[in-house]
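Engineer: return a 3D structure for these sequence lines:
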Amino acid sequence: MALGGVFMSDIDGNIGVEKTNVTERISGLLFDISGQTDFWTKGPAAKVASTLKDSVVELNSLDDAIALGIKPYTGETETVEQASVSKDFLYGIPYYHIRHYFQINGGTGRLFIAFADCSENWDALSLMQRASHGIINQFGIWTEQTLWRKTDAAAEKYAINIVDDIQLLANSMANENHAPAVFILNANTAKVAGNSGALEEDVTFSMIPSCKTKEARYVAIALGQGIDTDVRAMQLALTSKTPVGNIGAILGILSTTNVAESIGYVNTHNMGRFFPDIELGFGNSTVADGALKNTMRYAALTPKQIDTLHDNGYIFLCRYAGLEGNVYFNGDSTCSEGDYRTLARNRVINKSRRGVRAALLPYVNAPLKIDPATGQLSAAQITVFKNLVEGVLNLMNEAEEISGTGTVQIPANQNVLKNDTLVLKYTLIPMGTAQTINVTEGFAVSQ
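Structural biologist: All right, here's what the predicted structure looks like:
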């Protein structure tokens, strides 16, 4: 007989685990083709118009894009109706960004793409969200429309285009369609719309405005691009000379990282393998000797100019002394100065909004237990709904997407018998960000 003792064993009670869909990893990428003439009727786009025109397509790998005819830049041309036309689908720009997205995602992911003329409005973004059934959490927008305009000859700063229209649509998407998302914009910064309507090819750095004045919490503006032969050739091929940009890489980071994390987190988001060197892609877009006259290389910027771009709320590629060879995004600022001044803050509240709504939806038209002594919501019923909301927030807390759950308030004195409406409120304690680290150093004679 074996030695006596106390022996323990466990069984699986098949309780299961409740899981939520990780939709914050799903992205959308819109290419505005309003700057292209005869896009769907001539050249490579004509060959894929039956598939891509007026359509929203989901890609799960770079191979899916290639199968659709979205291929890398070659610079080759062909003659169509006695005119020389590029053989490359939108000069290879869509492929460039889609490749970055899937490389950062490890080869697979979910990316919805669309090509639309957005000269009149940005309704294509709403169509993309509807086509995805509301699961796109971040949109990238590449457009040849100018970001800046000169309001008059005496203006000290440029005005900003596009942002207000996208913010208006984003508000509707969040509040009416229950599908909140963030929008990152790569627009044409190589030229400035003049007060006469003509486009100016010189961008005056000192006139670049702060985008923080727009109070557009859902919109962020990304500047700059990597330096390589293909990028410069793609930009040069565009009549508008719009920078190729970096939107694919930004979407790639957002779709793989914690919602509370900045795309500028140095420890985890080194972009050096995608952008070996950096330029803003604007300055003077006059073509001289087969190249743009001035593309404003990052290395030529002064520290004060870099700080100005950062303080003005733009997202751009940068370097840090001591980390030679590495490239990072400077942060994740949005066009707002309030609580939602970063993409991370918006993504956190968007995730909580989607999660809490999903938890409460099954209880629409549910019977509510009333305290017979007061005619108001019973304590037990308050506990039920409080637990539902806290369950969502606790998962976010465990995932280190928030610092704490704050409070869930469900007033006991609300009269649901009178108005058939349940009112509740919750708050989150967000994560902080070490954007600046100040250190004081010196010598001492002892500890």
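Engineer: what's the mean pLDDT across the longest helix seen in the chain?
Structural biologist: Secondary structure assigned by DSSP state H gives helix 379-398 as the longest helix of the chain. Average pLDDT, helix 379-398: 96.
Engineer: next structured bit after the helix or strand hosting residue 143?
Structural biologist: Using DSSP states H and E, residue 143 sits in strand 138-146. Counting by DSSP H and E, the next helix or strand C-terminal to strand 138-146 is strand 148-149.
Engineer: tell me which other helices or strands that next one touches.
Structural biologist: In terms of contacts (3 or more C-beta pairs under 8 Å, 6 or more residues apart in numbering; DSSP states H and E), strand 148-149 is packed against strand 159-160, strand 192-193. Backbone N, C-alpha and C define where each C-beta goes, glycine included.
Engineer: need the winner for burial among these.
Structural biologist: strand 192-193 (a mean of 23; mean count of other C-beta atoms under 10 Å).
Engineer: low-confidence stretches in the stretch 51-200 of the chain?
Structural biologist: Applying pLDDT under 70 to the stretch 51-200 of the chain flags residues 82.
Engineer: returning to that earlier point: turn the helices and strands packed on strand 148-149 into CSV, including distance to residue 179.
Structural biologist: CSV is the format used below for these (distance: least, C-beta to C-beta, whole Å):
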stretch, distance to residue 179
strand 159-160, 25
strand 192-193, 32
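Engineer: could you list every helix and strand that the longest helix of the chain packs against?
Structural biologist: helix 343-360, strand 408-409.
Engineer: give the pairing partners of the shortest one; include direction for each.
Structural biologist: Each strand pairing with strand 408-409, determined using DSSP bridges, is listed with its direction: strand 425-426 (antiparallel).
Engineer: which residues does the strand it pairs with contact?
Structural biologist: Residues external to strand 425-426 that are found in contact with it (C-beta atoms under 8 Å, 6 or more residues apart in numbering): 352, 356, 389, 393, 405-410.
Engineer: cool, stretch 145-164 as well?
Structural biologist: Against stretch 145-164 from outside (C-beta under 8 Å, 6+ apart): 32, 34-35, 118-119, 143, 185, 187-189, 191-195, 199-200, 203, 207-209, 211, 214, 216, 219, 221, 335.
Engineer: that stretch: which residues count as buried?
Structural biologist: Going by neighbour count (16 or more other C-beta atoms under 10 Å), the buried part of stretch 145-164 is 145-150, 157-163.
Engineer: with stretch 236-248 instead?
Structural biologist: For stretch 236-248, the neighbour count (16+ other C-beta under 10 Å) marks 237-238, 240-248 as buried.
Engineer: can you pull the alpha-carbon coordinates of it into CSV?
Structural biologist: C-alpha atoms of stretch 236-248 as CSV (Å, rounded to 0.1, in the frame of the first residue of the first chain):
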residue,chain,number,x,y,z
LEU,A,236,8.1,62.3,-60.0
ALA,A,237,5.7,60.3,-62.2
LEU,A,238,2.7,62.0,-60.6
THR,A,239,1.6,65.2,-62.3
SER,A,240,0.7,66.5,-58.9
LYS,A,241,4.1,65.5,-57.4
THR,A,242,2.3,64.3,-54.3
PRO,A,243,4.6,62.6,-51.9
VAL,A,244,4.3,58.8,-51.8
GLY,A,245,4.0,59.0,-48.0
ASN,A,246,4.0,56.4,-45.2
ILE,A,247,0.4,55.5,-44.7
GLY,A,248,0.8,51.8,-45.2
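Engineer: for the remainder of this discussion, apply numbering that starts at 19.
Structural biologist: Okay, using 19 as the starting number, the last item reads as stretch 254-266.
Engineer: quick one: residues contacting residue 94.
Structural biologist: Residue 94 sits next to 104-106 when contact means C-beta under 8 Å, 6+ apart.
Engineer: for it, what are phi and psi?
Structural biologist: Main-chain dihedrals, residue 94, degrees, to the nearest 10: phi -80, psi 150.
Engineer: same thing with residue 213?
Structural biologist: phi -70, psi -10.
Engineer: can you tell me which residues contact it?
Structural biologist: 167-171, 173.
Engineer: switch those residues over to JSON lines; also include distance to residue 187.
Structural biologist: As requested, the contacts of residue 213 are exported to JSON lines (distance: C-beta to C-beta, whole Å):
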{"residue": "167", "distance to residue 187": "20"}
{"residue": "168", "distance to residue 187": "26"}
{"residue": "169", "distance to residue 187": "24"}
{"residue": "170", "distance to residue 187": "28"}
{"residue": "171", "distance to residue 187": "32"}
{"residue": "173", "distance to residue 187": "27"}
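Engineer: out of the helices and strands packed on helix 397-416, nearest to residue 330?
Structural biologist: helix 361-378 (16.2 Å; C-beta to C-beta).
Engineer: could you point out which element follows that closest one?
Structural biologist: Next helix or strand after helix 361-378 toward the C-terminus (DSSP H and E): strand 388-389.
Engineer: can you select the buried ones among the contacts of residue 94 for me in PyMOL?
Structural biologist: Those of those that count as buried under 16+ other C-beta under 10 Å are selected in PyMOL with:
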select buried, resi 104+106
